[in-house]
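*Asks:* Fold the following, please.
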Amino acid sequence: MKLSTVLRRMRKSKLFMIGFTLLVIIFLVCGTSHFWVAWDAEQAVLRSRLAPPDWFANGLKGHPLGCDALGRDILTRLLEGGWVSLKITVLVTVISMIMGAFVGLVCGYYGGRVDMLVMRCCDILQAIPQLMLAICVVAVMGTSMFNLFFTLSVTGWIGTARLVRATVLGMKNKEFISASRVLGATGKRVLWKELFPNTLTPLLISASGHFGGTILLETSLSYLGMGVPVPTPSWGNLISDGRDYITSAPWVVIAPGIALMITILAFNFMGDGIRDVFDPKNTN
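*Replies:* Residues are numbered from 1 along each chain as shown. Below is the predicted model of the structure:
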């Protein structure tokens with residue numbers, strides 16, 4: 001598909017434009033927050049403990065979204081925690097896509113006992129809920145930022161591998177692949193020059209839907225105290241810290257909860273838009 005066609009369809013897709021616009025705003029605001037926020041995200045000010053929101057009455061030098069149980073500014077922690085969660089989500093998704101694509105390409109093209117063994121392992125792992133599997137891995141390895149990256153990466157590649165494998169199985173016996181072999185192309189060349197480019201579309205669609213699930217999984221682990229180690233903020237541990245004050249100081253929980261909801265919706269909107277853009281039935 002031509003790039004001009006893809007860009008035209010993206011502009012015409014309302015879901016894609018809504019999701020893309022929201023994500024650009026979220027990434028820009030969270031990514032640049034350390035340049036303009038007035039408070040330290042980890043500094044406790046007990047005299048401001050559970051201070052209610054002042055809704056920008058005092059500008060950024062006040063507490064627009066209030067303070068948590070240790071007097072830390074919620075807006076600052078929300079933005080810096082969002083940047084931590086977004087970085088983890090992007091990096092884990094990229095790593096998972098690379099791992100899944102490599103495994104799916106090799107297994108789908110070469111087949112044999114290795115393919116059978118890997119797919120049976122995938123069946124076993126897919127029978128376990130991803131959150132439960134991630135909890136088990138973290139429980140064994142311990143809580144740290146590296147272990148969180150590792151856990152989310154090794155539990156997130158399975159669906160991508162199966163998708164790429166199925167795509168390769170449907171293409172490897174087609175005429176253009178047979179023609180490449182007749183012309184003397186090696187297995188590696190067929191794999192990476194012929195088959196891999198044809199898996200990019202389903203891979204991109206899969207990646208766009210993977211972001212929302214990854215950030216939700218990271219938030220769930222952080223909520224349980226098995227994700228981003230404190231005192232580093234993330235949306236998960238922000239919600240966890242405020243759950244005891246949901247009736248007396250609901251702003252502690254509401255702000256990160258709404259931010260998480262909007263971000264996941266934006267990822268899902270963009271994913272649905274990308275799926276529509278690459279839909280072969282789309283004639284726009």
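*Asks:* by contact count, what packs against the helix or strand containing I239?
*Replies:* Taking DSSP states H and E as the criterion, I239 maps to helix 235-242. Secondary-structure packing of helix 235-242 (3 or more CB pairs under 8 Å, 6 or more residues apart in numbering; DSSP states H and E): helix 74-110, helix 200-223, helix 251-277. For the C-beta atoms, the positions are set from N, CA and C on the backbone; glycine is no exception.
*Asks:* what's the angle from that helix to helix 200-223?
*Replies:* For helix 235-242 against helix 200-223, the angle by axes from the mean of the first three to the mean of the last three CA atoms, to 10 degrees is 20 degrees.
*Asks:* Spit out the contact partners of L86.
*Replies:* If you count contacts by CB atoms under 8 Å, 6 or more residues apart in numbering, L86 has them with I26, F27, C30, G31, I215, T263.
*Asks:* Quick check: closest non-adjacent residue to the first one.
*Replies:* With CB to CB, 6 or more residues apart in numbering as the measure, T263 is the residue that lies nearest to I26, at 5.8 Å, once sequence neighbours are left out.
*Asks:* show me what contacts the one you found?
*Replies:* So T263 contacts L22, L23, I26, G82, L86, I215 (CB under 8 Å, 6+ apart).
*Asks:* Show me which of those residues is closest to L191.
*Replies:* I215 (32.0 Å; CB to CB).
*Asks:* Was I right to think the closest one contacts S85?
*Replies:* Yes: the criterion here is CB atoms under 8 Å, and I215 meets it with S85 at 5.8 Å.
*Asks:* Now do the helix holding I239 against helix 74-110, angle only.
*Replies:* Going by the same axes, to 10 degrees, helix 235-242 makes 140 degrees with helix 74-110.
*Asks:* quick one: helix 235-242 to chain centroid distance?
*Replies:* 18 Å (CA atoms, centre = their mean, to the nearest Å).
*Asks:* Quick one: mean pLDDT for that helix?
*Replies:* Taken as a whole, helix 235-242 has a mean pLDDT of 88.
*Asks:* tell me the angle it makes with helix 251-277.
*Replies:* 150 degrees.
*Asks:* Render the CA-only coordinates of helix 235-242 in PDB, please.
*Replies:* Extracted in PDB, the C-alpha atoms of helix 235-242 (Å, rounded to 0.1, in the frame of the first residue of the first chain):
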ATOM      1  CA  TRP A 235      -0.100   5.500  37.800                       C
ATOM      2  CA  GLY A 236      -0.400   2.100  39.400                       C
ATOM      3  CA  ASN A 237       1.200   3.000  42.700                       C
ATOM      4  CA  LEU A 238      -0.600   6.400  42.800                       C
ATOM      5  CA  ILE A 239      -3.900   4.600  42.700                       C
ATOM      6  CA  SER A 240      -2.600   2.100  45.300                       C
ATOM      7  CA  ASP A 241      -1.400   4.800  47.600                       C
ATOM      8  CA  GLY A 242      -4.800   6.500  47.500                       C
END
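*Asks:* what's next to it, contact-wise?
*Replies:* By CB under 8 Å, 6+ apart, the residues outside helix 235-242 that reach it are 68-69, 74, 77-78, 81-82, 85, 218-225, 227-228, 230, 249, 252-253, 255-257, 259-260.
*Asks:* Can you tell me which of the residues you listed are buried?
*Replies:* Burial by neighbour count, judged by 16 or more other CB atoms under 10 Å, picks out 68, 74, 77-78, 81-82, 85, 218-224, 227-228, 249, 252-253, 255-257, 259-260 from the contacts of helix 235-242.
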